[in-house]
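*Asks:* no FASTA, just this:
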């Protein structure tokens, strides 16, 4: 997948360069992107600041769809392997990063976890 170049980089970089940016509006952009994906039965699976790009006009756009799946039609299940497809541990739901991780490996991604 190829997307247009985002001059402002990712959300983390953007907020460092522009600390007074309208964070509320950026959250609306991100929520709108997730809503769009969810209405099409797709889960992002790895939402974090590094996976949100900001356009030249300050619009936040979702990126890095490596962990995205079509939740309603996918038979994908997670398993423990060198590529466990768990996404970023730092941004995972906190109760899934402890002993529950093995259970999480058996669950499919859900909209509520995005």
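*Replies:* Perfect, I can see it now. Only a predicted model underlies this, so the values are computations on that prediction, with no experimental measurement involved.

*Asks:* Quick check: buried residues in the helix of greatest length in the chain?
*Replies:* In the chain, taking DSSP state H as the definition, the longest helix is helix 23-39. Within helix 23-39, the residues scored as buried using 16 or more other CB atoms under 10 Å are 26, 29-30, 33-34, 37-38. All C-beta atoms are positioned from the backbone trio N, CA, C, and that covers glycine.

*Asks:* and that helix, average pLDDT?
*Replies:* For helix 23-39, mean pLDDT rounds to 90.

*Asks:* could you say what helices and strands it packs with?
*Replies:* strand 52-54, strand 60-62 (3 or more CB pairs under 8 Å, 6 or more residues apart in numbering; DSSP states H and E).

*Asks:* Check which helices and strands the first one sits against.
*Replies:* In this structure, strand 52-54 packs against helix 11-17, helix 23-39, strand 60-62, with contacts taken as 3+ CB pairs under 8 Å, 6+ apart.

*Asks:* How about the last one?
*Replies:* The contact analysis (3+ CB pairs under 8 Å, 6+ apart) places strand 60-62 against helix 23-39, strand 52-54.

*Asks:* between the ones you listed, which one is nearest to residue 4?
*Replies:* Across the helices and strands packed on strand 60-62, residue 4 has its closest neighbour in strand 52-54 (9.2 Å, CB to CB).

*Asks:* Tell me which residues are up against that closest one.
*Replies:* Contacts of strand 52-54 from elsewhere in the structure, counted by CB atoms under 8 Å, 6 or more residues apart in numbering, are 3, 6, 8-11, 14, 26, 30, 60-63.

*Asks:* Dump the helices and strands packed on strand 60-62 into TSV; add distance to residue 46 as well.
*Replies:* As requested, the helices and strands packed on strand 60-62 are arranged in TSV below (distance: least, CB to CB, whole Å):
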stretch	distance to residue 46
helix 23-39	12
strand 52-54	11
